[in-house]
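Q: pasting the sequence and the predicted coordinates here, then a few questions.
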Amino acid sequence: MDWIWHFPQIEGRTLRESARAVDQHYRAFSRAWGGSIEAAFRPLLDFLLWFESLLITTPWWLIIAAAAAIVWLASRSTIVTIGSVAALLLIGLFGLWEDTMRTLSIIIVCTVIAIAIGLPVGVAMAWSNRVRTIISPVLDVMQTMPSFVYLIPIVMLLGIGLIPGLIVVVIYAVPPMIRLTDLGIRLVDREVLEAADAFGSSRWQTLWQVQLPLALPTIMTGINQTIMMALAMVVVASLIGVRGLGQPVLQAITNQYFTQGLLNGLAIVAIAIIFDRASQAYGRRLQQHREATRNG
Amino acid sequence: MADARSGEPAIRIRDLVKIFGSDEAAGVADVRAGLDKPQLLARNGQVLALDGIDLDVAAGSIQVVMGLSGSGKSTLVRHVNRLIEPSAGSIAVLGEDVLAMSPRRLRDFRRRHISMVFQRFALLPHRTVRQNVAYGLKIIGRARHERREAAMRWIERVGLGGYEDAYPAQLSGGMQQRVGLARALATDADILLMDEAFSALDPLIRADMQSVLLGLQTELKKTIVFITHDLDEALRLGDSIAILRDGRIVQRGSTPEIVLRPADAYVRDFVAQVNRGRVLRVGAVMQPGSVDETSGAVQLTAGMWVEEAVRQLSDAGASLGRVVDASGKVLGTVTQAALVAAMVTPPLTSP
């Protein structure tokens, strides 16, 4: 009658052995395949390194000018543009320029990859309820599983460096892109879709000309969220050797350098705010046609 | 493809049944066995939307389908371009079996031969008026300048010149529906489906749009299926009117047939609400026959509203009018008493 008072758990020895077996198999797999998988990622790594060095070697004033131009084109807001320039100047003034450029480079690449993966997956989810029931729990796992847990197999497979860092960040940042693409397409007015059908649009014509444009404001929110999530992962990624603003923070934790941690943290916040304000203002501008003012 | 002049109807619907719910086939068997709408709902949990519809629409005519909400009229019109699949029955459009079309053929059919106007306009909010009107042409892959030219022509035709660069949200409801109409006409489709196209508009704008449609129709001679819940609109627009109730056609006929000889109490109650002086024309009331030249000092045309004829006779102090057609040929006579009798609504059958 022991099971009444103690949970009838699997024997400790069996558990240990099966865990060891799984680990051994995975280790064997990574020894056998790690090299070729790494080789497959080689072009991406080369691109990442090239982009990083591009941002670092470009003169600081040119970067600031380019950033100001992009922010202006996206938001058409003087305040947002001036704020962005001021934030970047402060970052440079406090000696964080190079680390900021490294972080910026990985964030941009991660965001592009997350969009490239998230958009088609989101569309597939919106089109098919079956795909949706399969992908939804996967997204739940990606969003709730502590990132340190999936750090382990990735490091076992690929070691430490930029590529594993990039994979970790993308896993963490892609779910909102997928979810909001799906949501945006599902929210498109059914009557408009019926009209597209009645005029003989093919599935792709409907997607490109009706669904994606009408879902764009929601998709922009997804992109915004993806950027924010990617920035939040910068410190975790630095654990596995991604250089940038995360590493000084890690250093500050182990050595109790409060000021260093704070400054780098604030630089991350500053980048986040620039991205956020610019992309949100752009999203709002996309919706201008909904305003009922003539010549507006 | 059937020739419009051969007398073959442009749209031919036979024994159409539509049941919403699972296992449509079993529902169809029950309906054929004589179950009606409430029985089917109680027994199978299925909704009987259309029950044995037969309808022929002559090429170049306006067929109005009138009914209250839930009568199945919007469901019916969506069968013509197969936005909805029927549970049973057959639909032929321009001589071709719509239900036998492959997805590819159906798309092509919708692109070239049939177009649609929607109750809530269903315009693309992110496109300008011109881009919306050109939508159907873009789908077919017409060149940019061709699309632009055609769109501008139709924008002018529906009276929206100068608004081509506006976005739908910047326009009033009536103007938006002009865009919807121009979009439907721009593909040069032979058949136009209009699903409560004017129902969302204010009464004055609605009357205005009806005139626009009738004006275009005298020239374009499209085959139009017009859905409405408004009998005045039905009588004004329809060459032929089908009255739908609980998924069945209770009466089919021209305006005078419906107004002067309603088939049952349901139609009679409907007709009682109508201003008969403005839906009946003199031609429907007159006595045909040859007339000697002295009789009837007042000349009336057959196409004149009865109300207008009464006014002209009383203004002239005459009790008899001579009825001529548009070319001036004498058709017959009409008395003031007959005109007034036609205008008076018979007593209601139900409170």
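A: On my side now, so go ahead.

Q: quick check: residues of the stretch 101-250 of chain B near chain A?
A: Taking Cβ under 8 Å from any Cβ of the partner chain as the criterion, the neighbours of chain A within the stretch 101-250 of chain B are B:106-112, B:114-116, B:118-120, B:122-126, B:135-136, B:138-140, B:166-167, B:169-170, B:183, B:187, B:193. Where C-beta positions appear, they are placed from N, C-alpha and C, glycine not excepted.

Q: give me the buried entries from these.
A: B:106-107, B:109-111, B:114-116, B:118-120, B:122-126, B:135-136, B:138-139, B:166-167, B:169-170, B:183, B:187, B:193 (16 or more other Cβ atoms under 10 Å in any protein chain shown).

Q: just those: which are in strands?
A: Here DSSP state E is the test, and these give B:114-116, B:193 as lying in strands.

Q: show the average pLDDT along stretch A:5-16.
A: Rounded to a whole number, the mean pLDDT of stretch A:5-16 is 88.

Q: could you do stretch A:175-183 as well?
A: The average pLDDT within stretch A:175-183 is 96.

Q: got the contact list for that stretch?
A: A:114-115, A:117-119, A:121-123, A:125-126, A:132, A:135, A:139, A:142-143, A:215, A:218-219, A:221-223, A:225-226, A:229 (Cβ atoms under 8 Å, 6 or more residues apart in numbering or on different chains).

Q: among those, which lie within helices?
A: A:114-115, A:117-119, A:121-123, A:125-126, A:132, A:135, A:139, A:142-143, A:215, A:218-219, A:221-223, A:225-226, A:229 (DSSP state H).

Q: in PyMOL, select just the buried ones from these.
A: Burial among these is assessed by 16+ other Cβ under 10 Å; the matching PyMOL selection reads:
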select buried, chain A and resi 114+115+118+119+121+122+123+125+126+135+139+142+215+218+219+221+222+223+225+226+229
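
Q: sketch out the low-pLDDT regions of the chain for me.
A: With no chain named, the answer covers chain A. Confidence mapping of chain A against pLDDT under 70 gives the ranges A:290-296.

Q: actually, chain B is the one I wanted.
A: Across chain B, the ranges flagged by pLDDT under 70 are B:1-7, B:291-297, B:346-351.

Q: next helix or strand past the helix or strand hosting B:Tyr266?
A: Assigned by DSSP states H and E, B:Tyr266 belongs to helix B:265-272. Along the chain past helix B:265-272, the next helix or strand (assigned with DSSP H and E) turns out to be helix B:282-285.

Q: now do that following helix: which elements does it pack against?
A: Contact here means 3 or more Cβ pairs under 8 Å, 6 or more residues apart in numbering or on different chains; DSSP states H and E; on that basis helix B:282-285 packs against helix B:255-260, helix B:306-316, strand B:320-324, strand B:330-335, helix B:336-343.

Q: just the residues contacting stretch A:61-80, thanks.
A: Outside stretch A:61-80, the residues that reach it (Cβ under 8 Å, 6+ apart) are A:55, A:81, A:84-85, A:88-89, A:101, A:274, A:277-279, A:281-282, A:285.

Q: extract the C-alpha trace of that stretch and format it as PDB.
A: Taking C-alpha atoms only, stretch A:61-80 is exported to PDB below (Å, rounded to 0.1, in the frame of the first residue of the first chain):
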ATOM      1  CA  TRP A  61      28.500  59.800 -38.600                       C
ATOM      2  CA  LEU A  62      27.500  57.900 -41.800                       C
ATOM      3  CA  ILE A  63      25.700  55.300 -39.700                       C
ATOM      4  CA  ILE A  64      23.800  58.000 -37.800                       C
ATOM      5  CA  ALA A  65      22.900  59.800 -41.000                       C
ATOM      6  CA  ALA A  66      21.600  56.500 -42.500                       C
ATOM      7  CA  ALA A  67      19.700  55.700 -39.300                       C
ATOM      8  CA  ALA A  68      18.100  59.100 -39.200                       C
ATOM      9  CA  ALA A  69      17.100  58.800 -42.900                       C
ATOM     10  CA  ILE A  70      15.500  55.400 -42.400                       C
ATOM     11  CA  VAL A  71      13.700  56.500 -39.200                       C
ATOM     12  CA  TRP A  72      12.500  59.600 -41.000                       C
ATOM     13  CA  LEU A  73      11.200  57.700 -44.100                       C
ATOM     14  CA  ALA A  74       9.400  55.200 -41.900                       C
ATOM     15  CA  SER A  75       7.900  57.600 -39.300                       C
ATOM     16  CA  ARG A  76       7.800  61.000 -41.000                       C
ATOM     17  CA  SER A  77       8.100  62.300 -37.400                       C
ATOM     18  CA  THR A  78      10.700  65.000 -36.500                       C
ATOM     19  CA  ILE A  79      10.600  64.100 -32.800                       C
ATOM     20  CA  VAL A  80      11.200  60.400 -33.400                       C
END
